[in-house]
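*Asks:* Based on what follows, work out the 3D shape:
(2 chains)
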Amino acid sequence: MELSKNYIPGEVEAKWYQHWIDQGYFHSEPNNKPAYTVVIPPPNVTGVLHMGHCLNNTIQDILVRRARMQGMNPCWVPGTDHASIATEAKVVAMLRERGIAKSSLSRDEFLEYAWEWKEKYGGIILQQLRKMGCSLDWDRTSFTMDPDYYETVIKVFVDLYNKGKIYRGKRMINWDVRAKTALSDEEVIHKEVNGKMYHIRYKLDVPGEEYITIATVRPETIFGDTAICVHPKDDRYKHLVGSHAFVPMINRRIPIIADDYIEMEFGTGALKVTPAHDINDFNLGQKHGLEVIETLNEDGTMNEEAPMYVGKDRIEVRKIIAADLEASGNLVKLEDYVNQVGFSERTDAVVEPRLSLQWWVDMKQLAGPALEAVMSDEIQFHPAKFKNVYRHWMDNIKDWCISRQLWWGHRIPAWYDADGNVYVAENQAGVNEKYPETQGKTLTQDSDCLDTWFSSWLWPIEVFKGMSNPNNAEINYYYPTSTLVTAPEIIFFWVARMIMAGEEYMGKIPFKDVYFTGIVRDKQGRKMSKSLGNSPDLLGLIDQYGADAVRFGIMIASPAGNDLLFDESTLEQGRNFNSKLWNAAKLLKMWEPRVSKEGKVEQDAAFAMDWFQAKLSATQIEVDSMLKEFRLSEALKTIYGLIWDDYCSWYLEWIKPGFEQPIHADVYNKSIEFYDSLLQLLHPFMPFITEELHHALKPQTQDLCIKEYEAIGKVDEAVLNAGALLKNVISTLRDARNKNQVKPKDAIQLHIQSKNNIAYQTIQNILAKQVNAKSVAYTSTSIGSSIVVALEKDKFYLVADQAIDTASLKENLLKDLEHQRGFLASVEKKLSNEKFVQNAKPEIIAIEQKKKSDALARIETIEESLAQL
RNA sequence: GGGAGCAUAGCUCAGUUGGUUCAGAGCAUCUCGUUUACACCGAGAGGGUCCGCGGUUCGAGCCCGUGUGCUCCCA
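*Replies:* Here you go, the predicted structure:
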């Protein structure tokens, strides 16, 4: 097979992906091999591929491909999440474009549109993952609203309700005024916002006193005030406790109360209490039995409690109320103030605390075993630092608000009779059966949906139908899954809750290892975001550089446990690596016609092969242990170095035949074999080019994708060291040539003075070739008019045709001598320190003694050389 | 306010129970080079007060305390 001048990724990638699919390599069925199960963190069905997905899925693919080549039975399950808020928002927007208002539709009509949208546009991201080479088992593609999955979610709700772990309660929740739904705490993003602090005075209903001034950042909430609260020890206000004040503009009379919750230093020390619109105020109100007055409609506009602003948005009212308060003389002061404001993760609307009747999961009951599983390392977190984060959250866990005022999702299986009694069962027939008193009554089902995460926490179980078809062969084989790869941002949303669900419904943890990726940032360390416009177009990058290069670039820049700063230059590095791989293969193929079986393998080539074999084995072992510890980026760097430096720059140069000279068949075949092993080692990271080259090297009986790793050979340390010495000698001699300005083309005569000539004779040809020496000779005395190089205990004399700069040579030797003497002094000082000799371990002392004798020998060599100059 | 983490070369990071000539790698920079695998290249080089201060130790990049700067999570 002839190789083209350059590697062209596009065609190769499409060809091999299709081939792998056609061969069914990615499909898994339970068998007698060990399972290696990974479930994809299901992207939103509305999602498109971004850098975060690219990183996350590349990592999963590396783990899965490696497991496949290790002879395991990997199963990587794809799928999507119905993403209730995000999808409903998309559908509402689509309807608006068509001139249809959601409010004009019935629930069923709306859902019909939603499914139509999902079938048409949903799951684009799954197509995009194919481009990246992800070896997902597409036959298992799942969706959190598949019929079985849907039923399972409902069953879980009913079950937890029956166990008393789900309840309905009126609580303060986070209200998204745009989506008109409740949000869980985790769906609220806190951001710093520049706002104003309004100082507003309330007229007192006290003889002889006029006003009390409060400070607030949300002046529009005054209509919901039902008290003013001060600290009981605050001398400024003590005497007012128990009396009353009037809310400005509406003149409602409210009590002044005292509570040590108040921070005297904050604002004016007097707090307006609005139980309906602030969680702290609500708690205070509960404690003091205050009235709760709601002033907002569900869309965030003011209701009739704020008579002058009815129907106006609360943010708008905040702006105009200042002027109105000012006009009435009640605005005392206005100052700039930076405060934390909650925004909806999905719609970016400012979240309003709102009192509302919602469904809740009692988390305290579920948290115990889930915490234990992680703290005991039954589930291992990588990096382990996230254990602390996890524990902290679990220790302070709050109940989970699971109802959402949306239509797209799993509808809450609760029914109400005319008197407002609640009945929970899987369906209405179930209600009638379970609660006979409901028979014949008109029941209406709760119109709300469940939080999306209430379905995704069952993902590792239900993708194998572990609940809809308990104890089936698949769930028993694939569960618990092996490794979960996900972003640290969803450790609470998803990871913690999956562990809870696993413990609750399988009695087993859902996965053994959790690998948390970093967050993808831009070069300047900023998060990728739409508004900054710093998210690159991933498919464009794949077109430009090739999928392998993109995978390489993103992995080489991903230190374990850290965020990664994305820089397109690493993609270039990946593309260059593609070229290097391609060219090395071209070189090998170039030799093919000149393969000869005559004679024996020369001892230089034999050495090179022994050395590379040792190097390869050593690196395979190293990579293995790195991957076990999830140090993927380091493993890739190591492989990159092995291929580029050790194989291409050293090994191939060592065995390269002279121009148009034959190459011995044993050497050629061994070199092909080595290269194939390198491709195999690299395959999980860069699947396409490695598969292509695997087949280009020679006719193969098997695709690389499913070729199993062979047992790693023993490492010959002596050969490894000999190779390291050889490299060191070559580099040092090249440096000497460079420093003495010997032209690369000018051949030198090399004289070696060593007590171990045989070692050099074995590799003499390599040495001559690599330092451009026309002759190599051995000497027991020094050689005049030469460049002298001392290395270890040996000396090398380079005789060049041109004159030598003895001055600079001398300078270098003197510099070296000084360094060696300083080093010797420090070693001797250490060895003469009694405490060191007494306390240090014997092997450490032995090392110090060797250092001393080595240094002495070096000094002697340098001094001899200097004497000759 | 509570919690977690980070600080090593221009940049991104390794540095595994404190002890090899330990101060490292990749990228970037500089010098030289176009000898048919590769300029998307080759050969070399330079570059760091291991954030400051104090302590433990025969010995500290590594352990302890403290200060400073930064990041993230939660409230």
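
*Asks:* separation between the closest residue to A:Leu791 other than its chain neighbours and RNA strand B?
*Replies:* In space, and not counting its chain neighbours, A:Leu791 is closest to A:Thr732: 5.3 Å by C-beta to C-beta, 6 or more residues apart in numbering. In short, each C-beta sits where N, CA and C put it, glycine included. For A:Thr732, the distance to RNA strand B (C-beta to the nearest atom of the strand, to the nearest Å) stands at 7 Å.

*Asks:* count of neighbours near A:Thr732?
*Replies:* 16 (other C-beta atoms under 10 Å).

*Asks:* which other helices and strands contact whichever strand or helix holds it?
*Replies:* Assessed by DSSP states H and E, A:Thr732 sits inside helix A:717-739. If you count contacts as 3 or more C-beta pairs under 8 Å, 6 or more residues apart in numbering; DSSP states H and E, helix A:717-739 packs onto helix A:603-628, helix A:764-770, strand A:787-791, strand A:794-799.

*Asks:* Can you give me the separation between the residue nearest to A:Leu791 and A:Lys615?
*Replies:* Distance of A:Thr732 to A:Lys615, given as C-beta to C-beta, to the nearest Å: 20 Å.

*Asks:* my read is A:His199 is in a strand, agree?
*Replies:* Yes: applying DSSP: H, G, I helix; E, B strand; the rest coil, one finds A:His199 inside a strand.

*Asks:* pretty sure it is touching A:Tyr337, no?
*Replies:* No: using C-beta atoms under 8 Å, A:His199 is not in contact with A:Tyr337, being 10.7 Å away.

*Asks:* More neighbours: those two, which one.
*Replies:* Counted by other C-beta under 10 Å, A:His199 and A:Tyr337 do not tie: A:His199 has more neighbours, with 19 against 14.

*Asks:* Can you name the element that comes right after the lowest-mean-pLDDT helix or strand in chain A?
*Replies:* When the helices and strands of chain A are compared on mean pLDDT, DSSP states H and E, helix A:806-832 comes out lowest with a mean of 77. Sequence-wise, the next helix or strand downstream of helix A:806-832 (DSSP H and E) is helix A:834-839.

*Asks:* That following helix and RNA strand B in contact?
*Replies:* Yes: using C-beta under 7 Å from any atom of the strand, we find that helix A:834-839 touches RNA strand B at A:Lys835, A:Phe836, A:Asn839.

*Asks:* Averaged pLDDT, stretch A:428-442. What do you get?
*Replies:* For stretch A:428-442, mean pLDDT is 93.

*Asks:* Any chance you could list what contacts it?
*Replies:* With C-beta atoms under 8 Å, 6 or more residues apart in numbering as the test, stretch A:428-442 has contacts from A:Trp415, A:Asp417, A:Ala418, A:Tyr423, A:Val424, A:Ala425, A:Leu443, A:Gln445.

*Asks:* please redo it, this time with the cut-off set to 7 Å
*Replies:* In this structure, residues lying in contact with stretch A:428-442 by C-beta atoms under 7 Å, 6 or more residues apart in numbering are A:Trp415, A:Asp417, A:Ala418, A:Tyr423, A:Ala425, A:Leu443.

*Asks:* interface residues of the stretch 451-600 of chain A facing RNA strand B?
*Replies:* So far as C-beta under 7 Å from any atom of the strand goes, the stretch 451-600 of chain A lies against RNA strand B at A:488-489, A:492, A:525, A:556-557, A:559-565, A:569, A:573, A:575-576, A:578-580, A:583-584, A:586-587, A:590.

*Asks:* In helices, which of these fall?
*Replies:* If you go by DSSP state H, those have A:556, A:569, A:573, A:575-576, A:578-580, A:583-584, A:586-587, A:590 in helices.

*Asks:* Between all of those residues, which two are separated the most?
*Replies:* Of all pairs drawn from those, the greatest distance, 30.9 Å, lies between A:Ser569 and A:Met590 (C-beta to C-beta).

*Asks:* how about low-confidence regions in chain A?
*Replies:* A:1-2, A:186, A:529-532, A:803-805, A:869 (pLDDT under 70).

*Asks:* Now do the same contact list for A:Gly195.
*Replies:* A:Val217, A:Tyr337, A:Asn339.

*Asks:* where does the strand or helix carrying it sit relative to the chain's centre, distance-wise?
*Replies:* If you go by DSSP H and E, A:Gly195 is part of strand A:188-204. Put simply, strand A:188-204 sits 37 Å off its chain's centre (C-alpha atoms, centre = their mean, to the nearest Å).

*Asks:* give me the beta-bridge partners of the closest residue to RNA strand B within the stretch 201-350 of chain A?
*Replies:* Using C-beta to the nearest atom of the strand, the closest approach of the stretch 201-350 of chain A to RNA strand B is made by A:Gln340 at 4.5 Å. For A:Gln340, the beta-bridge partners under DSSP bridges are A:Glu192.
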